[in-house]
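Novice: from the sequence below, what's the structure:
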Amino acid sequence: MGRFVLRRTESGREKIAQVLGDASLGGVRSCILNYMRFAPKERFCFDFFVYEGSGGADLICEGSGAPADGKSPQNGGANGNAGKGGCLQGSGGAETAAGRIPGDFAEEVRAIDPEAKVFSFPRIDRHPLAAMRALRRAFRDGGYAAVHAHMTTLSALVLPAAKAAGVPVRICHAHSSFDRQSDHCFAKAALRPFAAIFATHRMACGKLAAESLYRKKADEAFILPNAVDLSRFACAAPAILPQDFSPAALPQGSASAAPAQGLPPALPQNIRLLLFAGRFVPQKNLFFLLDAFAAALPLRPMALALLGDGPQKEALRAHAKMRGIEKSVLFLPPQDPAPWYAAADALVLPSLYEGMPVVAAEAQAAGIACLFSDKVTREADICGGAKFLPLDTEIWAQAMAGGLPPKADNAAKLAAAHFDIRTEAARLTDFYAAALAEALR
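Specialist: Numbering: from 1, shown residues only. This next block holds a predicted model:
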C-alpha cells in the first residue's frame, strides 16, 4: 500500500469525503446538501460516497480504487467505462452491472460545487469486505483531509477503512436514534460499540442521537443540528394543488370547521391540509397515519398530502383505497417541500423512531403546527408548541381534527437554537479546519 499524501482539488482546496451510503435517505441527504450549499467554499471541497445505484456519478473500483481511465479519484474522469476489479461508473446516470445509476444526486451536488465528485461503492451492509477495500483505496488515493461518515452504526465499517488509508480526521456522525422497535435493531445494537472506535471525533444531530450511539461518551459529541434555510421556508408561496384533486366533502351531520389559513385557491377554504414529508418506509409509520386520518375525516373536512417516495408507496395507495379515503389523500413525488409547508396547516410525523428530523425544523421555519409521535425526540420541539402523541389512532384523529395554533414567525427562535444554516455551515467548516490543524500538528 502506498503512503498517504494529502491532496487538493485543482483550485487548491482540501477535500472532505462525505460518506452517505444510501443517497435516497431523504432527511440525511437534505441535511448534508444544505450544509454543502451554504458552507464557505474557499478552503474545502465535499466529495460524496454513495452506494452503487444510489446516485453515484464518478467511480470506485473494488479492486483498485482508481477510475477505469487510469485517473486517480481526485481527478476522476466523468466518462470512463467499467474496467477491471468491479468498476461502476455513471455520469448523470450510466449503465452498470447492477443496473442504471441515477444521476440526479450527482447533478445536484455539481450544481452546488462543480469541482465536487460523487463516487459509488458496494453496499457495506451486504458486501462489507468489498466496500471497505474500495473505500480504503479511494480515501488513500484521493488524499482526503477528512472522512465524515454519516452512516450512524455502519460507520463502524467505514472508519476503519479511513484509518487504514491514513486519513487524519475521521468523524462518526449519529443521524438517528434507535430502540427495539427500530428496523435492524439487533444489527445496530451489535455494531454500536464499534461505530466510533476508529473516529477521531464524534458528531450528532442532537442529544438523543448522541446518547443512542455513543452512550457514556455522548457528552464528547459535537452537536450539529439539522439546520435549514430559514428565509426559504418562511417566505415560500403556497403550492397549488392539482386540479384533479378534490378531497371528500364534509360528511352530513359533522360540525362545520373554521377556515384554514394560507391554503391555495385550489383547496376549499374550510378544508384543513395535513402534510407528511419524507420517505415511505416502515420507520415513518404511514399505515398508522392513514388509519388515524380515516378516523379523523368524519370529524371535519381535511386533506392529507404525502410528499416523498419509497418502497411502501403502492401499498400505501392500496391501503388508502381500502379505507375509503383515497379521494382525500394526495401522493406527491419528491420536490421542493417549501411551498407545501406554506400551504399546510400542520406537519404530521408518527414515526417509530427518529434522531432530529429535518422536517421538524422545516415545518417550524414555515410557522405551521407540528404533530409528532411520542417516539420522536423532544428536541424536535424547537420553538415550543409541538404536540407529542402516543401511537393511538383515536388520539391522533382528535389531534388532527382539533384546534391548531395559528402560523407563527419562528425565525429568531430557530436561529438562537442553531438552526440557521447560514451560521451553522460556517461553524461546520470551522470545525473541519480546527480538527485538521490539530491532527497535523
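Novice: L347: helix or strand, and which one exactly?
Specialist: Assessed by DSSP states H and E, L347 sits inside strand 346-349.
Novice: which strands or helices does that strand pack on?
Specialist: Here strand 346-349 touches strand 272-279, helix 358-366, strand 369-373, going by 3 or more C-beta pairs under 8 Å, 6 or more residues apart in numbering; DSSP states H and E. Every residue, glycine included, has its C-beta placed from N, CA and C.
Novice: can you say which of these is packed in most?
Specialist: Per-stretch averages of neighbours, counted by mean count of other C-beta atoms under 10 Å, single out helix 358-366 among the helices and strands packed on strand 346-349, with a mean of 28.
Novice: list of residues touching that one?
Specialist: For helix 358-366, the external contacting residues (C-beta atoms under 8 Å, 6 or more residues apart in numbering) are 26-27, 30-31, 225-230, 232-234, 236, 275, 277-278, 337-338, 341-342, 344, 347, 349, 370, 372, 376, 380-383, 386, 407, 410-411, 413-414, 419.
Novice: if we can go back for a sec, sheet-wise, list the partners of the strand holding L347 with their directions.
Specialist: strand 272-279 (parallel), strand 369-373 (parallel) (DSSP bridges).
Novice: measure how the longest one sits relative to helix 358-366, angle-wise.
Specialist: Think strand 272-279. Counting by axes from the mean of the first three to the mean of the last three C-alpha atoms, to 10 degrees, strand 272-279 lies at 140 degrees to helix 358-366.
Novice: how far does strand 272-279 sit from the chain's center?
Specialist: Averaging C-alpha positions (C-alpha atoms, centre = their mean, to the nearest Å) puts strand 272-279 16 Å from its chain's average.
Novice: kindly format the C-alpha coordinates of it as CSV.
Specialist: C-alpha atoms of strand 272-279 as CSV (Å, rounded to 0.1, in the frame of the first residue of the first chain):
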residue,chain,number,x,y,z
ARG,A,272,-57.6,21.6,6.6
LEU,A,273,-54.4,20.4,4.9
LEU,A,274,-52.1,18.0,6.8
LEU,A,275,-48.7,17.3,5.4
PHE,A,276,-46.2,14.4,5.7
ALA,A,277,-42.8,14.9,4.1
GLY,A,278,-40.3,12.1,4.0
ARG,A,279,-39.6,8.5,2.9
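Novice: now that strand: mean pLDDT?
Specialist: On average, the pLDDT along strand 272-279 is 96.
Novice: tell me the domain boundaries of this structure?
Specialist: According to automatic domain parsing, the chain comprises the domains 14-227+421-439, 230-415.
Novice: least reliable of those domains going by mean pLDDT?
Specialist: Across those, domain 14-227+421-439 gives the lowest mean pLDDT, at a mean of 81.
Novice: can you give me how far it is from the chain middle?
Specialist: Relative to the chain's own centre, domain 14-227+421-439 is displaced by 13 Å; criterion: C-alpha atoms, centre = their mean.
Novice: end-to-end on it?
Specialist: One end of domain 14-227+421-439 to the other measures 14 Å (C-alpha to C-alpha, to the nearest Å).
Novice: likewise stretch 376-391?
Specialist: 11 Å.
Novice: buried set for that stretch?
Specialist: For stretch 376-391, a neighbour-count test (16 or more other C-beta atoms under 10 Å) marks V376, T377, E379, A380, D381, I382, C383, A386, K387, L389, L391 as buried.
Novice: kindly report the same for stretch 113-131.
Specialist: Using 16+ other C-beta under 10 Å as the burial criterion, the residues of stretch 113-131 that qualify are 113, 116-125, 127, 130-131.
Novice: those residues in strands, which ones?
Specialist: Judged by DSSP state E, these include V118, F119, S120, F121 as members of strands.
Novice: could you list the buried residues of the top helix by length along the chain?
Specialist: Longest helix in the chain by number of residues (criterion: DSSP state H): helix 421-439. The neighbour-count check on helix 421-439 (16+ other C-beta under 10 Å) flags I421, E424, A425, L428, T429, F431, Y432, A435, L436 as buried.
Novice: and the angle for that helix with helix 358-366?
Specialist: On the basis of the same axes, to 10 degrees, helix 421-439 is oriented at 140 degrees to helix 358-366.
Novice: give me the contact list for helix 421-439.
Specialist: Contacts for helix 421-439 (C-beta under 8 Å, 6+ apart): 14, 16, 34-35, 37-40, 43-44, 145-146, 168-169, 171, 200-201, 222, 224-225, 227-230, 415, 418.
Novice: which of those residues fall within strands?
Specialist: Using DSSP E, these in strands are E14, I16, F44, A146, V169, I171, H201, F222.
Novice: what's near enough to touch S11?
Specialist: So S11 contacts C45, E115 (C-beta under 8 Å, 6+ apart).
Novice: secondary structure element holding it?
Specialist: Going by DSSP H and E, S11 is not in any helix or strand.
Novice: reformat the helices and strands packed on strand 346-349 as CSV; add distance to A296.
Specialist: Shown next, in CSV, are those (distance: least, C-beta to C-beta, whole Å):
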stretch, distance to A296
strand 272-279, 9
helix 358-366, 19
strand 369-373, 11
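Novice: out of these, which comes closest to F288?
Specialist: Set against F288 and scored by C-beta to C-beta, those come closest in strand 369-373, at 8.6 Å.
Novice: how about that closest one as PDB, C-alpha atoms only?
Specialist: Extracted in PDB, the C-alpha atoms of strand 369-373 (Å, rounded to 0.1, in the frame of the first residue of the first chain):
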ATOM      1  CA  ALA A 369     -48.200  23.400  13.700                       C
ATOM      2  CA  CYS A 370     -46.400  20.000  14.400                       C
ATOM      3  CA  LEU A 371     -47.900  16.700  15.500                       C
ATOM      4  CA  PHE A 372     -45.200  14.200  16.400                       C
ATOM      5  CA  SER A 373     -45.300  10.700  17.800                       C
END
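Novice: give the pairing partners of the next helix or strand after that strand; include direction for each.
Specialist: Next along the chain after strand 369-373, taking DSSP H and E as the criterion, comes strand 387-389. According to DSSP bridges, strand 387-389 forms sheet pairs with strand 369-373 (parallel).
Novice: and for the partner strand, what's in contact with it?
Specialist: So strand 369-373 is contacted by 285, 345-352, 360, 363-364, 380-381, 385-391, 396, 399-400, 404-405 (C-beta under 8 Å, 6+ apart).
Novice: re the thing from before, tabulate the strands paired with strand 346-349 (CSV), appending distance to R136.
Specialist: Compiled in CSV, the strands paired with strand 346-349 are given as follows (distance: least, C-beta to C-beta, whole Å):
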stretch, distance to R136
strand 272-279, 30
strand 369-373, 40
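Novice: quick one: closest of these to H319.
Specialist: strand 272-279 (13.8 Å).
Novice: what element comes up after the closest one heading to the C-terminus?
Specialist: For strand 272-279, the following helix or strand on the C-terminal side (DSSP H and E) is helix 286-296.
Novice: much appreciated, bye for now.
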